[in-house]
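[1] when you get a sec, could you give me coordinates for this:
(one chain, ligands or ions: 1)
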Amino acid sequence: MTSPLTDNIGTAAVDTRGGRRSAVFVRFLQRPAGAISFGVLLLIVLVAVLAPLLAPHDPNLVDLSQTRALPSPEHPLGGDSTGRDVLSRLIWGTQLTLWGALVAIFVAIGIGVPSGLAAGYFGGATDRTGTWISDALQSVPGMVILLIVGANTGNNFDLLMVTIGVFMAPGYFRLTRSTVLAIRNEVYVDAAKVSGLSDARIMGRHVIRQVYAPLIIQSALTAGMAMGMQAGLQFLGIGGGTTPGWGAMMNEGFRVMRTDPLLLLWPSLALGISIAALAVLGSTLADVISVKTPTISRRKRRALAAQRSARHGAEAMNTATGSISHEAVDSVVRIENLRVSYETPRGPVEVVHGITLDVAPGEVLGIVGESGSGKSQTVFSMLDLLPKAGQYTADSIWIGGQDVTSLGRKERARRLGHEIGYVPQEPMTNLDPSFTIGHQLTEPLRSVHGMSRADAKARALAMLERVGIADPARLMRSYPHELSGGMAQRVLIAGAIGGKPSVLVADEPTTALDVTVQAEVLELLRELQQEYRMALVIVTHNFGVVADICDRVVVMRNGSIEEIGSAAQIFSAPESAYTRALIAASLDGAESRSALDAAHDARSARADAHHDETDASTEADLKEVRV
Ligand SMILES: Nc1ncnc2c1ncn2[C@@H]1O[C@H](COP(=O)(O)OP(=O)(O)OP(=O)(O)O)[C@@H](O)[C@H]1O
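    Numbering: from 1, shown residues only. As a prediction, the model looks like this:
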């Protein structure tokens, strides 16, 4: 099951491999803001690089006849207060401004990224030291330090830009550190460690890739800030150098602002446009990278659904897969022509293509299929649990004799709460770590089923006992982190049957559990289904499970139903070659449920024998001591 992605600049887990990178760039250019800001910056870079060719005059050549001259064909932007060509100074100023921004960014990256990588990756003292230095740097007044550096280095421009870079390093440090913290426990990082790669290599190869995209965005914003600071310094008469800078030109223009406002206008425009282009570029890039699974408004969702059903119309009815085996009144769940699609940056993608199926009361229906075949999406649509980027359309979804597609959100949630119990794939992630188990079990009983506090507690205790929890009262007071995976799954099953639903939906309920516990949980589900006479819909890719507990089976493939039949028929005479291959692949070399049960029984017997032996020898030891 694919989980929705939630990204922001800091933690965007961006796949930076070639294909995706170019796709991001294309999507960036497709946005007007992206194309315009990129075009403007490209132009600025070209002007800077080609300054010697583009500038019509020497920027420092004084021609007194051009003092404060108005624009003319020879001097398109006129002359400044000492008769130098304004256009040439502006063009050469571009080069100096860009060079200064580059120096600052390189220094900031050179300090901030390696230290952020080390702090996030190693943690502990490295992290504390790095964070302390970063905080200290941010609390020092940068402008004062810049004035001191300027005064002691004869206003050396490069050194001033290096100092600006040092003060911008904490931004890169924090960004890198938080990104690395978010991924340092990923399985692939552990796998790289286990395979013997050195820390430096893991950081340089695996970890830093995740930081590229946020770094590019940060650099666009940092470049703008560096330009602003540089101009500010030059405006104060610090670090202008021999070549003209935009800040120095603004300083001169400011002095004659009343008589010759154009002298202030040109460098201000150049600086403003450059900083704005960098800011727009950075924020557009951040948007493009984070928009992987766009959420869509309810209105757009409805419009798309209407469009889609109009488009599919009668054709959809013909192409729907699956079949109905029971009358509507005899079904606890009945889905007709369900389609699920996701809004992606490349347009909507349909992942479930018009499926039809039903479940009779007390029936155990298995939904099987390989990973990605659409099993979970089908169940999520039924339970109204699709992520925001997803939407479904269906001719109808009947739950307990009522078509829920025609119900409002609130009414539908209430009906689902009464009719369906849900046992999810990952028990741990489905329990809220901040609340006790007791609270999590009794809350829905009180709010959905209207029970009193005492009744809800009594029901929760009874259910916990029923699912095999030894000390339910103590467990009710526990928090999720105190539970093992198997216990957590039992708690969720207790919660699911607490409201006595007519159908229990279990989405790969044993995937996250170890083999012995898997057998016990399946056994429990089977017992509960019979005891409460509930229907059970079990999503699985394991034909062993199907063989053991299912009455009927739905085989899914690529979002469509390949075949529906009784479990006996599916195993003895599958119609589809795909089903045959799936059964062969699933059962080949795998232990059957009865083998698992036998193995479990054997293990329990061995454990009992061991206990008896231990008890006997302890008894003997005690006797010896007593003698
Ligand atoms: N948020 C999403 N955005 C886009 N596509 C998605 C999203 N979630 C699921 N899909 C796609 O829907 C299809 C069906 O996914 P689904 O989770 O239903 O598969 P599944 O059969 O339950 O697989 P598994 O056994 O691995 O859970 C897959 O191709 C998957 O890539």
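[2] so residue 383 is in contact with residue 505, correct?
    Yes: using CB atoms under 8 Å, residue 383 makes contact with residue 505 at a distance of 6.7 Å. Backbone N, C-alpha and C define where each C-beta goes, glycine included.
[3] intersection of neighbour lists for the two?
    Here residue 383 and residue 505 share the contacting residues 420, 422, scored by CB atoms under 8 Å, 6 or more residues apart in numbering.
[4] more neighbours: which of these two?
    Between residue 383 and residue 505, residue 505 has the larger neighbour count (other CB atoms under 10 Å), namely 26 against 16.
[5] quick check: that one is in a strand.
    Yes: counting by DSSP: H, G, I helix; E, B strand; the rest coil, residue 505 is part of a strand.
[6] what about stretch 344-355, near the ligand?
    Yes: using CB under 6 Å from any ligand atom, we find that stretch 344-355 touches the ligand at residue 351.
[7] just for the stretch 401-550 of the chain, where's the confidence low?
    512 (pLDDT under 70).
[8] what residues are up against residue 232?
    Contact partners of residue 232, counting by CB under 8 Å, 6+ apart, are residue 247.
[9] in whatever helix or strand residue 486 lives in, what's buried?
    Here residue 486, judged by DSSP states H and E, is contained in helix 485-498. Buried residues in helix 485-498, counted by 16 or more other CB atoms under 10 Å: 486-498.
[10] same thing with stretch 457-474?
    Those would be 457, 459, 460, 461, 463, 464, 466, 467, 468, 469, 472, for stretch 457-474 by 16+ other CB under 10 Å.
[11] the second one touches residue 451, doesn't it?
    Read that as residue 459. Yes: using CB under 8 Å, residue 459 is in contact with residue 451, at 6.7 Å.
[12] now list whatever residues contact both of these two.
    442, 445.
[13] nearest residue to residue 69 other than its sequence neighbours?
    Closest residue to residue 69 apart from its sequence neighbours, by CB to CB, 6 or more residues apart in numbering: residue 79 at 4.0 Å.
[14] before we move on, what about residue 413?
    Looking at residue 413 with CB to CB, 6+ apart, the closest residue is residue 384, at 7.0 Å.
[15] next up, the contacts around that neighbour.
    404, 409, 412, 413, 416.
[16] closest to residue 51 out of these?
    Distance to residue 51, by CB to CB, is smallest for residue 409 among the contacts of residue 384, at 61.9 Å.
[17] and the nearest residue to that closest one once chain neighbours are set aside, what's its pLDDT?
    Once flanking residues are discounted, residue 409 sits nearest to residue 384: 7.9 Å by CB to CB, 6+ apart. Looking at residue 384, its pLDDT is 85.
[18] quick one: residue 340 and residue 389 touch, right?
    No: with contact defined as CB under 8 Å, residue 340 does not reach residue 389; the gap is 11.0 Å.
[19] look at residue 27 and give its secondary structure.
    helix.
[20] surely it touches residue 288?
    Yes: with contact defined as CB under 8 Å, residue 27 counts as touching residue 288 (5.0 Å).
[21] run through the residues that contact the residue in the stretch 451-600 of the chain positioned nearest to the ligand.
    Taking CB to the nearest ligand atom, the ligand has its nearest neighbour within the stretch 451-600 of the chain at residue 541, 5.5 Å off. Contact analysis of residue 541 by CB under 8 Å, 6+ apart lists 368, 369, 370, 371, 375, 508, 586.
[22] if we use 10 Å, what do you get?
    367-371, 373, 375, 508, 511, 556, 582, 585-586 (CB atoms under 10 Å, 6 or more residues apart in numbering).
[23] kindly identify which of the residues you listed also come near the ligand.
    Filtering those for neighbours of the ligand using CB under 6 Å from any ligand atom leaves 369, 371, 373, 375.
[24] need those in a markdown table (columns: distance to residue 477, neighbour count and pLDDT).
    Shown next, in a markdown table, are these (distance: CB to CB, whole Å; neighbours: other CB atoms under 10 Å; pLDDT from 0 to 100):
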| residue | distance to residue 477 | neighbour count | pLDDT |
| --- | --- | --- | --- |
| 369 | 41 | 24 | 89 |
| 371 | 38 | 9 | 86 |
| 373 | 41 | 23 | 91 |
| 375 | 36 | 24 | 92 |
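[25] those residues in helices, which ones?
    residue 375 (DSSP state H).
[26] quick check: neighbours of the helix or strand where residue 365 lies in the sheet, parallel or antiparallel?
    Taking DSSP H and E as the criterion, residue 365 maps to strand 364-368. Strand pairing for strand 364-368, using DSSP bridges, gives strand 535-540 (parallel), strand 552-557 (parallel).
[27] what residues sit buried inside the helix or strand harbouring residue 93?
    Following DSSP H and E, one finds residue 93 within helix 86-122. Neighbour counts using 16+ other CB under 10 Å place 86-105, 107-109, 111-121 of helix 86-122 among the buried residues.
[28] helices or strands up against that helix?
    helix 32-49, helix 51-54, helix 124-139, helix 157-183, helix 199-202, helix 212-235, helix 246-255, helix 262-290 (3 or more CB pairs under 10 Å, 6 or more residues apart in numbering; DSSP states H and E).
[29] for the ligand, find the nearest of these.
    Distance to the ligand, taken as CB to the nearest ligand atom, is lowest for helix 262-290 among those, at 14.6 Å.
[30] gap between stretch 50-68 and the chain center?
    Averaging C-alpha positions (CA atoms, centre = their mean, to the nearest Å) puts stretch 50-68 54 Å from its chain's average.
[31] which parts of it are buried?
    Buried positions in stretch 50-68, judged by neighbour count with 16+ other CB under 10 Å: 51, 55, 57, 59, 63, 66, 68.
[32] and those, which is closest to the ligand?
    residue 51 (48.3 Å).
[33] which residues touch the closest one?
    Contacts of residue 51 by CB under 10 Å, 6+ apart are 59, 88, 90, 91, 92, 93, 94, 95, 96, 98, 243.
[34] can you list the residues you listed in CSV and add distance to the ligand and pLDDT?
    CSV is the format used below for the contacts of residue 51 (distance: CB to the nearest ligand atom, whole Å; pLDDT from 0 to 100):
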residue, distance to the ligand, pLDDT
59, 55, 86
88, 55, 92
90, 49, 91
91, 49, 93
92, 51, 91
93, 48, 90
94, 44, 92
95, 46, 90
96, 48, 89
98, 41, 91
243, 53, 69
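[35] hey, C-alpha coordinates of stretch 572-583 in PDB?
    The C-alpha coordinates for stretch 572-583 follow below in PDB (Å, rounded to 0.1, in the frame of the first residue of the first chain):
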ATOM      1  CA  SER A 572      -9.300 -26.900  -8.000                       C
ATOM      2  CA  ALA A 573     -10.100 -25.300 -11.300                       C
ATOM      3  CA  PRO A 574      -9.000 -21.700 -11.600                       C
ATOM      4  CA  GLU A 575     -10.300 -20.100 -14.800                       C
ATOM      5  CA  SER A 576      -7.500 -17.700 -15.300                       C
ATOM      6  CA  ALA A 577      -3.900 -18.500 -16.000                       C
ATOM      7  CA  TYR A 578      -2.900 -15.600 -13.800                       C
ATOM      8  CA  THR A 579      -4.700 -17.100 -10.800                       C
ATOM      9  CA  ARG A 580      -2.900 -20.400 -11.500                       C
ATOM     10  CA  ALA A 581       0.400 -18.700 -11.600                       C
ATOM     11  CA  LEU A 582      -0.400 -16.700  -8.400                       C
ATOM     12  CA  ILE A 583      -1.400 -19.800  -6.500                       C
END
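[36] any idea what residue 538 is bridged to?
    Beta-bridge partners of residue 538, counted by DSSP bridges, are residue 366, residue 506.
[37] is it true that it touches residue 422?
    No: look at residue 538 against residue 422 with CB atoms under 10 Å: they stay out of range, at 11.8 Å.
[38] which neighbours do these two share?
    With CB under 10 Å, 6+ apart, residue 538 and residue 422 have common neighbours 504, 505, 506, 507, 509.
[39] still on that earlier bit, show me the contacts for the residue nearest to residue 69.
    Listed by CB under 10 Å, 6+ apart, the contact set of residue 79 reads 57, 62-72, 85-87, 89, 260, 263.
[40] thank you kindly, that will do.
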